[in-house]
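Colleague: Here is a sequence with its predicted model. Questions after.
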Amino acid sequence: MAAGGFCKLPNGTVVVALNLPHVADGSTGVRVLVHAQNRARALTRLRNLGLRAIYLRGNAAPPTPDEITAVLHHPDGLIWRTAPDNGVIVGELWHPIRALLRRSAVVQHGSAG
């Protein structure tokens with residue numbers, strides 16, 4: 001389960017924001033943004049990428065206007081960046097989800113050997 005929220009846009013689509021904890025130690029990991037037709041499809045997109053235990057309960061941490069702009073301008077409509085504990089992000093750009101999945105695969109394979 002992840003903290004997050006959503007925002008319905010005037011055209012009927014939604015932007016879902018999720019704070020996913022770091023797998024190893026439970027600390028704050030990443031903030032993921034997904035643009036989709038509805039909340040269910042946004043969560044399905046993440047589950048199809050291998051993030052199986054993703055649920056959105058409530059709307060405690062909806063996307064900010066800047067986050068909405070960032071995800072709408074990305075061709076995949078699926079981006080992430082580090083979510084610091086203090087809530088202030090200094091100078092980090094958004095990354096495509098492929099970068100997170102590659103980083104995750106390297107950590108998994110690197111620790112197996």
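Modeller: Great, that's in hand.
Colleague: Could you give me the buried positions within the helix or strand where Ala17 lies?
Modeller: According to DSSP states H and E, Ala17 maps onto strand 14-21. Of the residues in strand 14-21, 14-20 count as buried by neighbour count, 16 or more other CB atoms under 10 Å. To be clear about C-beta, it is placed using only N, CA and C from the backbone, and glycine gets the same treatment.
Colleague: and that strand, what other elements does it pack with?
Modeller: strand 3-8, strand 28-36, helix 39-48, helix 65-72 (3 or more CB pairs under 8 Å, 6 or more residues apart in numbering; DSSP states H and E).
Colleague: So which residue is dead centre in the chain?
Modeller: Val32 (1.1 Å; CA atoms, centre = their mean).
Colleague: And the pLDDT for it?
Modeller: pLDDT, Val32: 91.
Colleague: what's the average pLDDT for stretch 50-67?
Modeller: 85.
Colleague: Tell me which residues are up against that stretch.
Modeller: 1-7, 15-20, 31, 33, 39, 43, 46-47, 71, 101 (CB atoms under 8 Å, 6 or more residues apart in numbering).
Colleague: thinking again about what came up before, what is the most widely separated pair among the buried residues of strand 14-21?
Modeller: Across the buried residues of strand 14-21, the longest distance by CB to CB is 18.0 Å; it joins Val14 and Leu20.
Colleague: in stretch 74-83, what counts as buried?
Modeller: Counting neighbours by 16+ other CB under 10 Å, one finds that the buried residues in stretch 74-83 are 74, 77-81, 83.
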